[in-house]
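Engineer: Need coordinates for the following:
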Amino acid sequence: MKRTEQLAKLKQTSEWDVIVIGGGASGLGTALDAASRGYKTVLIEAVDFAKGTSSRSTKLVHGGVRYLEQGDISLVTEALKERGLMAQNAGHLVKNQSFVIPNYNWWGGYFYTIGLTIYDLLAGRLSLGRSKYISKKKTIELLPTVEPKGLVSGVIYQDGQFDDSRLAINIAQTAVENGACLLNYAKVIGLLKNDKNQVTGVEIVDHESGEKYEIKGKAVINATGVFTNAIMKLNDTVYKKYIVPSQGIHLVFDKSFLPGDQALMIPKTSDGRVLFAVPWHNKVVVGTTDTLIKKHSLEPIALETEIEFVLETAQRFLVKKPTRADVLSVFAGLRPLAAPEKEGKSTKEVSRSHKIIVSETGLITITGGKWTTYRKIAEDIIDKAITVHSLPNVKCKTEHIAIHGNKQTDTKARENHLYIYGTDIPKILELQNNEPELKEKLHPDYDYTMAEVAWAIRYEMARTIDDVLARRVRLLFLDARAAIASCEKVALLLAKELGHDETWTQRQISEFKHLANGFILSDFQEKHH
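Structural biologist: Now for the predicted structure:
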């Protein structure tokens, strides 16, 4: 997957069947769905694949225990089916994760055991294993750092866990392998319309060269997540809010706060949300929150109240109490929730199922949705495009398309940090052997090597330090200070591989350091954030 090749392909094609705006989970899934059905497909991403919400999830592939409680059986059933397909099609990234719910009252154990047994039954043959009631002793054995005071029992259940931006990159590669054209660092700056006010394409600017292009196509799909309203401004004469951004944050801690392989799930926190503490790449990710915010940005910043909420909740349930000083990285993401029809609904009530909007201009927009159901969302979008834009009727093929790198990966194989590359592992090892300087570690405390950086630049379209350290190698999300310490090495290799000069290199380093500071929790973080 090389940007120069993708750009050449873009210039050679006069008309496309499907143009996708946005390179997050929904957009990438849509590009793969369309290309695999044989449609000429192009995807335009303004920054980098999964730069927004799609790299900032809780890293769970789940049916949504919370939606079950709200009685949304159809959403849960759909998500559980998709969870099973994801585990089959991206076995290198999706794993079966055990979750333990500690109960501090006598009825909790029975209540959650019954609920989660229904959850398993809904998954049918794609179930990851039965839920069961466990004793207080067993709960402490599985969660050695759980607060024992007042603990009555526990419930164990299975769900999926994955690496979100790695999956995004692999879906992008799979789309390219199926004939799609994908371009990052290209922004849609206008919609082309004919005299009947129908959208006939997009105008884009290539951020690297500054060149502008007009791209013509039959169906235009708006999959821009929290930036949906901005594209709608180009489309509508009357301005209306289509989505409301809701922020969710996560704090990352050292493994010692939750040793072992089990994840912790708190079904009822003080704000009524579910809180997870999940092992991930040898760290523990704790979150999340649900805060309606006024404005969206590419780098959302965790609010002080959110940080305090996550810390306090974690301190209440863990014997080893995490403090601000223990936070290795803090990341915030924005959920693009469909704007409620009537004001005053809480975000927890805004439907999490996706919604497809067809505008009078023929523009097709997706709102809502979540990672677990990305494949199904894409199928629905392309089915809709077939109807609205009379594309030749071809059935969806993605249910059994293996994602790039797919290989069933067990716990033992996951001990090698390269496991996320699946079938590409031998190629990365080969790079290290052919170019011994690439054996060098990225950071003394971590196993990542420069070969992974070279791989990201050469074959995964990484163009900036942020692309490499946030979304190809997840160091920024795991340990922000270590990412800052590694950024100069990455900048030098980027400059060498992509032919940039010293000025570019220095600007990259300072931009990345500024961005990465948003992932560090200072003790005195100003309250006005």
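
Engineer: Let me see the ranges of the helices in the stretch 201-350 of the chain.
Structural biologist: Using DSSP state H, counting those that start in this stretch, the helices of the stretch 201-350 of the chain run over 228-235, 304-317.

Engineer: who wins for proximity to residue 408 among these?
Structural biologist: Nearest to residue 408 among the helices of the stretch 201-350 of the chain is helix 304-317 (33.1 Å), distances taken as C-beta to C-beta. Bear in mind the C-beta positions are built from the backbone N, C-alpha and C, glycine included.

Engineer: CA atoms only for the closest one - export them in PDB, please.
Structural biologist: This file holds the C-alpha atoms of helix 304-317, laid out as PDB (Å, rounded to 0.1, in the frame of the first residue of the first chain):
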ATOM      1  CA  GLU A 304     -10.500  17.300  34.400                       C
ATOM      2  CA  THR A 305     -13.900  16.000  35.600                       C
ATOM      3  CA  GLU A 306     -13.600  12.900  33.400                       C
ATOM      4  CA  ILE A 307     -10.000  12.200  34.600                       C
ATOM      5  CA  GLU A 308     -11.200  12.400  38.200                       C
ATOM      6  CA  PHE A 309     -14.200  10.200  37.600                       C
ATOM      7  CA  VAL A 310     -12.100   7.400  36.000                       C
ATOM      8  CA  LEU A 311      -9.400   7.600  38.700                       C
ATOM      9  CA  GLU A 312     -11.900   7.700  41.600                       C
ATOM     10  CA  THR A 313     -13.900   4.700  40.200                       C
ATOM     11  CA  ALA A 314     -10.700   2.700  39.600                       C
ATOM     12  CA  GLN A 315      -9.400   3.600  43.200                       C
ATOM     13  CA  ARG A 316     -12.700   2.300  44.600                       C
ATOM     14  CA  PHE A 317     -12.400  -1.100  43.100                       C
END
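
Engineer: picking up where we left off before, output the helices of the stretch 201-350 of the chain in a markdown table; the columns should cover distance to residue 521 and mean neighbour count.
Structural biologist: Shown next, in a markdown table, are the helices of the stretch 201-350 of the chain (distance: least, C-beta to C-beta, whole Å; neighbours: other C-beta atoms under 10 Å):
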| stretch | distance to residue 521 | mean neighbour count |
| --- | --- | --- |
| helix 228-235 | 30 | 18 |
| helix 304-317 | 7 | 18 |
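
Engineer: And the average pLDDT for stretch 81-98 is what?
Structural biologist: For stretch 81-98, the mean per-residue pLDDT is 96.

Engineer: how near is residue 163 to residue 422?
Structural biologist: According to C-beta to C-beta, to the nearest Å, residue 163 stands 11 Å off from residue 422.

Engineer: who touches both of the two?
Structural biologist: Residues touching both residue 163 and residue 422 (C-beta atoms under 8 Å, 6 or more residues apart in numbering) are residue 93.

Engineer: helix/strand/coil for residue 7?
Structural biologist: Using DSSP: H, G, I helix; E, B strand; the rest coil, the secondary structure recorded for residue 7 is helix.

Engineer: What is the neighbour count of it?
Structural biologist: 18 (other C-beta atoms under 10 Å).

Engineer: That one is in contact with residue 206, isn't it?
Structural biologist: Yes - contact criterion C-beta atoms under 8 Å: residue 7 and residue 206 qualify, at 7.1 Å.

Engineer: which residues are in contact with both of the two?
Structural biologist: Common neighbours of residue 7 and residue 206 (C-beta under 8 Å, 6+ apart) are residue 183.

Engineer: Quick check: phi and psi on residue 70?
Structural biologist: Backbone geometry at residue 70, expressed as degrees, to the nearest 10, gives phi -80, psi 0.

Engineer: cool, the one 10 residues further on as well?
Structural biologist: Listed backbone geometry of residue 80 is phi -70, psi -40, with angles given as degrees, to the nearest 10.

Engineer: Right, I'll call it a day here.
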